[in-house]
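**Student:** Using only what follows, build the 3D model:
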Amino acid sequence: MSEERLARLESLMEDLIKMVGHNNALLVDTRNDVAELKTDVAVLKTDVAELKTDVAELKTDVIVLKTDVKELKRNQELFREELFTQSARIDDNHKEVLSLISEVALNANYAVSMVNKHDKDIFAIKERLSV
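**Tutor:** Predicted structure coming up:
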């Protein structure tokens, strides 16, 4: 083999060794990046698991709130019905009170009329007795 060929082979070998070294350095960087990505993915998995737990709790809370709202609506309807019932009773009682007041007024007028009649009769009796 000639010296030139040998020098050329040495040069090619040096270039090849540099390339392999460069590739190895890139491979180490890539492995570090992959390890970092694996760590990030593990953190993300943990975060997603926590979010799933939070979502499950929120769903439970929503179910409870929906139940509470249904109960509140049912109670509101019951209170509305009771309000209408009480309002009707109040109206009936008001009419009855007005009727009783009218009757008491009539009786009071009658009593006054009777007192006047009795006073007149007493006056007439006194007049006859004094004669």
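**Student:** alpha carbons only for contacts and neighbour counts from here, please
**Tutor:** Fine.
**Student:** For the chain, just list every one of the helices.
**Tutor:** With helices called from DSSP state H, the chain shows them at 3-130.
**Student:** and residue 119, how many neighbours?
**Tutor:** Residue 119 has 12 neighbours, counted by other Cα atoms under 10 Å.
**Student:** how far away is it from residue 67?
**Tutor:** According to Cα to Cα, to the nearest Å, residue 119 and residue 67 sit 76 Å apart.
**Student:** which stretches of this structure have low pLDDT?
**Tutor:** Along the chain, segments meeting pLDDT under 70 span 1.
**Student:** okay, which residue is most central for it?
**Tutor:** The C-alpha lying nearest the average C-alpha coordinate of the chain belongs to residue 65 (Cα atoms, centre = their mean; 6.0 Å).
**Student:** ok, now how distant is that one from residue 74?
**Tutor:** Plainly put, residue 65 is 14 Å away from residue 74 if you go by Cα to Cα.
**Student:** cool, and residue 2?
**Tutor:** Plainly put, residue 2 is 104 Å away from residue 74 if you go by Cα to Cα.
**Student:** Show me which of the two is the more surrounded one.
**Tutor:** Set side by side, residue 2 and residue 74 show more neighbours around residue 74, with 12 against 7, by other Cα under 10 Å.
**Student:** To what extent is residue 73 buried, counted in neighbours?
**Tutor:** Residues near residue 73, counting by other Cα under 10 Å: 12.
**Student:** Repeat that for the one 3 residues further on.
**Tutor:** Burial of residue 76 is recorded as 12 neighbouring residues (other Cα under 10 Å).
**Student:** mind listing what it touches?
**Tutor:** Neighbour list for residue 76: empty [criterion: Cα atoms under 8 Å, 6 or more residues apart in numbering].
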